[in-house]
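Asker: What follows is a predicted structure for the sequence shown.
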Amino acid sequence: MASSSPARTIPPHPTIRPQPGILDIAAYVGGESKIPGANRVIKLSSNENPYGPSPKVAEAFAAAGSKLAAYPDGGHAELRRTIGEIHRLDPARILCGNGSDECLALLAQAYAGPGDEVIHTEHGFGLYKINAQMVGATPIEVGETDLTTDVDKILAACSERTRLVYIANPNNPTGTKIGRTELKRLAEGLPPAALLVLDGAYAEFVRDADYDAGAELVDARDNVVMTRTYSKIHGLAALRIGWMYGPDHVIDALNRFRPPFNLNTAALLAGEAAMRDVEHVERCAILNEVWRDWLAKRLEAAGIPCTPTHANFLLARFASVETAEAADAFLKSRGLIVRRTASYGLPDRLRISIGDETGCRAAAEALEAFMASRTT
């Protein structure tokens with residue numbers, strides 16, 4: 001998902017001003033990627049796929065080199081057709097974006113504005129609140145229960161002003177999810193003017209039969225949209241490819257104002273190749289499950305409990321905020337970058353992306369050494 005540099009403190013211009021509320025937005029800051037002075041860095045801060053994209057992507061990406069003078073297909077016809085074929089969805093109800101971030105933002109632009117409310121959960125992805133603020137709507141933060149989306153709390157927070165309800169399922173940074181029954185109950189209980197937006201960035205990592213990434217609910221109702229990304233299991237974060245599946249009336253509305261060439265030719269061709277390599281996706285999901293469970297057990301044994309997760313990361317809990325900060329510094333001294341989660345309201349935790357065998361072993365050994373150093 002998207003990231004940006006930390007905002008500088010710049011005095012506002014005396015006469016040229018952005019729309020009300022824009023300067024109140026705290027810019028989203030992504031995971032770190034560099035350690036000054038380090039010769040070797042293992043990045044476990046952004047939930048990227050350590051195995052990279054399908055080998056078939058390289059050939060497709062190279063083919064884009066002969067098409068640089070021409071505009072890309074603004075309708076994304078072949079990519080939508082491929083996504084529809086693999087996921088058994090109607091291509092006409094698929095919209096592609098410059099990352100799923102753009103899809104999420106387009107929904108806010110189309111359906112929310114001043115006087116409206118946008119609901120997100122307390123430990124949900126930071127862009128949900130930013131999307132609401134961007135269009136002048138009021139973001140409503142709803143509490144979770146045991147770091148998990150609570151349908152009753154969301155429904156209690158809804159009003160006649162509610163226009164969007166964003167939830168990630170599984171959630172980032174907790175890795176928790178809710179099942180089919182709860183999702184259905186949430187969709188059925190929303191006010192008539194509200195859309196449920198299911199962010200499925202981590203859907204491919206879920207190994208649980210009681211899970212709907214959103215397609216079943218979208219097909220059954222007219223008030224649900226799901227979004228997906230190529231940045232995680234497909235290993236194509238650099239190309240910024242996302243897509244959404246929704247009711248006809250939503251797709252029609254967004255297609256009226258989305259940028260006409262929001263995906264470049266390299267992204268379109270690579271996206272088709274990556275989507276078709278279902279064996280690579282399955283292999284990455286299995287490896288993630290193996291090393292996720294292995295790392296969780298190692299950390300638990302070292303005295304670092306982790307929230308049960310369905311994604312490609314662990315949310316590790318430390319005894320205090322000070323201990324979490326010290327662990328982060330210790331990991332950096334070993335060339336390991338993880339994600340601090342204070343901005344998500346979880347200052348005593350660290351989010352650790354699941355790497356390959358080398359990355360997971362390095363993270364386990366470093367944290368074991370850190371915990372041992374705290375008791376000696």
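Answerer: Happy to help now that I have it.
Asker: does Gly359 really touch Ser45, like I thought?
Answerer: No - contact criterion CB atoms under 8 Å: Gly359 and Ser45 do not qualify, at 11.3 Å. The C-beta positions use only the backbone N, C-alpha and C, and glycine is treated the same way.
Asker: how about the helices of this protein, start to end?
Answerer: Applying DSSP state H to the chain gives helices spanning 56-63, 77-87, 100-111, 127-134, 151-157, 180-189, 215-220, 248-255, 265-276, 278-301, 321-333, 357-374.
Asker: so how far is the longest one off the chain centroid?
Answerer: When you say that, I think you mean helix 278-301. On the basis of CA atoms, centre = their mean, to the nearest Å, helix 278-301 sits 18 Å off its chain's mean C-alpha point.
Asker: can you tell me which residues contact the spatially closest residue to Val165 that is not a sequence neighbour?
Answerer: Leaving aside its chain neighbours, Val165 sits nearest to Ile119 (4.5 Å; criterion: CB to CB, 6 or more residues apart in numbering). Neighbouring residues of Ile119 by CB atoms under 8 Å, 6 or more residues apart in numbering: Pro139, Ile140, Val142, Ile154, Ala157, Cys158, Thr162, Leu164, Val165, Tyr166.
Asker: Do you know the pLDDT at Ile119?
Answerer: In this model, Ile119 is scored at 98, pLDDT.
Asker: and it, what are its bridge partners?
Answerer: Judged by DSSP bridges, the bridge partners of Ile119 are Ile140, Val165.
Asker: Tell me the spacing between it and Ser45.
Answerer: 28 Å (CB to CB, to the nearest Å).
Asker: same deal with Gly21?
Answerer: Using CB to CB, Gly21 is found at 29 Å from Ser45.
Asker: of these two, who's got more company?
Answerer: Set Gly21 next to Ser45 and count neighbours by other CB atoms under 10 Å: Ser45 wins out with 20 against 15.
Asker: where does this protein dip in pLDDT?
Answerer: 1-8, 28, 31, 33, 35, 38, 376 (pLDDT under 70).
Asker: Okay, domains of this protein per the record?
Answerer: With domains defined by the TED database, the chain comprises 32-51+279-373, 55-276.
Asker: And the ones you listed: which comes nearest His13?
Answerer: Proximity of the domains of the chain to His13 was assessed by CB to CB; the nearest stretch is domain 55-276, lying at 19.2 Å.
Asker: just to revisit the earlier point, now tabulate the domains of the chain in JSON lines and tack on distance to Pro11.
Answerer: Formatted as JSON lines, the domains of the chain follow (distance: least, CB to CB, whole Å):
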{"stretch": "domain 32-51+279-373", "distance to Pro11": "24"}
{"stretch": "domain 55-276", "distance to Pro11": "20"}
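Asker: And the most centrally placed residue in the chain, how close does it get to Asn169?
Answerer: For the chain, the residue sitting closest to the mean C-alpha position, by CA atoms, centre = their mean, is Ala201 at 4.6 Å. Shown here: Ala201 relative to Asn169, a distance of 9 Å by CB to CB.
Asker: try Gly52
Answerer: 26 Å.
Asker: Who has more neighbours out of these two?
Answerer: The residue with more neighbours, out of Gly52 and Asn169, is Asn169; 24 against 14, by other CB under 10 Å.
Asker: Contacts only, for the more buried one.
Answerer: Thr149, Lys177, Ile178, Leu183, Leu198, Asp199, Gly200, Ala203, Ala213, Gly214.
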